[in-house]
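[1] mind looking at a prediction? Sequence and model below.
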Amino acid sequence: MLGIGVTALAATQAAKELLDPKVKSAFADLLIYGAFCIYCGVVLFINSSFLIAILGYVPAIFILGFALIKNYFRTRSKPFLFGFLGLSVILFASAIQQAKILDASQRNVMYHLLQAVGLFMIFTTARATEENVRS
């Protein structure tokens with residue numbers, strides 16, 4: 001559960017860099033790390049359900065999604081759109097898992113398969129973005 005929080009933290013930091021890499025905002029860092037500490041406290045001492053994990057990473061997904069789509073419209077670079085679509089796949093997977101349409105094992109398998117596809121799409125975007133920064 002804490003690993004999911006670390007992933008949300010990383011996604012939020014990536015979004016901050018995509019939105020404006022030149023700005024080093026102590027206030028933004030305070031919000032990001034403060035939210036992470038609150039999430040860790042809730043998971044460790046109050047409730048460690050997957051719903052809490054989803055609620056913990058959904059804001060990060062929306063922030064990163066906004067940063068990716070903003071960069072896509074600014075540059076028309078397809079990897080940003082591909083990453084945005086990957087985040088959409090992950091959100092769809094989370095909705096399937098929580099909707100309880102299928103039985104528990106089927107939901108879990110579907111969630112992880114779709115999540116793997118979405119994560120691969122995001123990984124591809126990160127690699128393409130990294131190569132553009134280096135060149």
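    Sure, I can see it.
[2] all contacts plus neighbour counts: C-alpha atoms, from now on.
    Will do.
[3] what is the rounded mean pLDDT of the helix ranked longest in the chain?
    For the chain, the longest helix by residue count, based on DSSP state H, is helix 104-134. Here helix 104-134 scores 87 as its mean pLDDT.
[4] now stretch 18-30
    The average pLDDT within stretch 18-30 is 83.
[5] export it as PDB, just CAs?
    Coordinates of each C-alpha in stretch 18-30 appear next as PDB, following Å, rounded to 0.1, in the frame of the first residue of the first chain:
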ATOM      1  CA  LEU A  18       6.200  18.600 -17.000                       C
ATOM      2  CA  LEU A  19       4.100  21.600 -16.200                       C
ATOM      3  CA  ASP A  20       7.100  23.900 -15.500                       C
ATOM      4  CA  PRO A  21      10.600  22.400 -15.100                       C
ATOM      5  CA  LYS A  22      12.100  25.800 -14.400                       C
ATOM      6  CA  VAL A  23      10.000  26.600 -11.400                       C
ATOM      7  CA  LYS A  24      11.200  25.100  -8.100                       C
ATOM      8  CA  SER A  25       8.200  25.700  -5.800                       C
ATOM      9  CA  ALA A  26       8.700  25.000  -2.100                       C
ATOM     10  CA  PHE A  27       4.900  25.400  -1.600                       C
ATOM     11  CA  ALA A  28       4.200  22.700  -4.300                       C
ATOM     12  CA  ASP A  29       6.700  20.400  -2.700                       C
ATOM     13  CA  LEU A  30       5.100  21.000   0.700                       C
END
